[in-house]
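1. Structure for this input, please:
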Amino acid sequence: MRNMQDWNAYRDVLIGRVGDFSKQSPDVLRGLNTIEGSASKTGNLEPKVHELIALAVAVTTRCDGCIAVHSKKAVELGATHGEIAEALGVAIALNAGAALTYTARVFDAIEALPSK
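-> All right, here's what the predicted structure looks like:
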């Protein structure tokens, strides 16, 4: 079960499909590249930290494409398994915390129902 998906092949196919999309909507891809570039332009975070954050966000948004791309970048920038695990641990903790916080909204919604 270790290699449930061929992430390298997936990433290659994804990049190809994104290339196909960019031929149809080049401005959308240009806009995304502008956003991605501006996020790291300040230089306040080291590129490796930037990629660790991207991985945590990729997990919380359940984006396989993001996981494939940013895993590769993080490792290329020297991220260790321990650093990646810690970043993902933060993502897990935040998701659990967010779920707990949103349970209060469920009870608010229930209490807002008209009384019978």
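
2. distance of C63 from V90?
-> C63 is 17 Å from V90, where distance means CB to CB, to the nearest Å. For glycine as for every other residue, the C-beta is placed from the backbone atoms N, C-alpha and C.

3. typo on my end, it should be A79
-> A79 is 14 Å from V90, where distance means CB to CB.

4. So these two - more neighbours on which side?
-> In this view A79 and V90 are compared by other CB atoms under 10 Å, and A79 has more residues nearby, 20 against 14.

5. Please report how far the more buried one lies from K72.
-> With distances taken as CB to CB, A79 is found 10 Å from K72.

6. try N33
-> Distance of N33 to K72, computed by CB to CB: 17 Å.

7. Pull out the buried residues from the helix or strand where K72 lies.
-> Following DSSP states H and E, one finds K72 within helix 64-76. Residues of helix 64-76 classed as buried by neighbour count (16 or more other CB atoms under 10 Å): C66, I67, A68, V69, H70, S71, K73, A74.

8. Distance from the chain centre to the biggest helix by length in the chain, please.
-> Using DSSP state H, we find that the single longest helix of the chain is helix 81-111. With CA atoms, centre = their mean, to the nearest Å as the basis, helix 81-111 stands 15 Å off its chain's centre.

9. Setting aside sequence neighbours, what's the nearest residue to I53?
-> Nearest residue to I53, sequence neighbours excluded (CB to CB, 6 or more residues apart in numbering): A87, at 7.0 Å.

10. Am I right that the one you found is in contact with A56?
-> Yes. A87 lies in contact with A56 (CB atoms under 8 Å); the separation is 4.8 Å.

11. Need the residues touching each of these two.
-> By CB atoms under 8 Å, 6 or more residues apart in numbering, A87 and A56 have no common neighbours.

12. For the protein, which residues score under the pLDDT cut-off?
-> Filtered on pLDDT under 70, the chain yields the residue ranges 1-3.

13. about what we covered before: which of the buried residues of helix 64-76 lies closest to G43?
-> K73 (16.7 Å; CB to CB).

14. which residue sits closest to the closest one, ignoring its sequence neighbours?
-> The shortest distance from K73 to any non-neighbouring residue, by CB to CB, 6+ apart, is to E51 (4.8 Å).

15. Having no further points to raise, I will conclude here.
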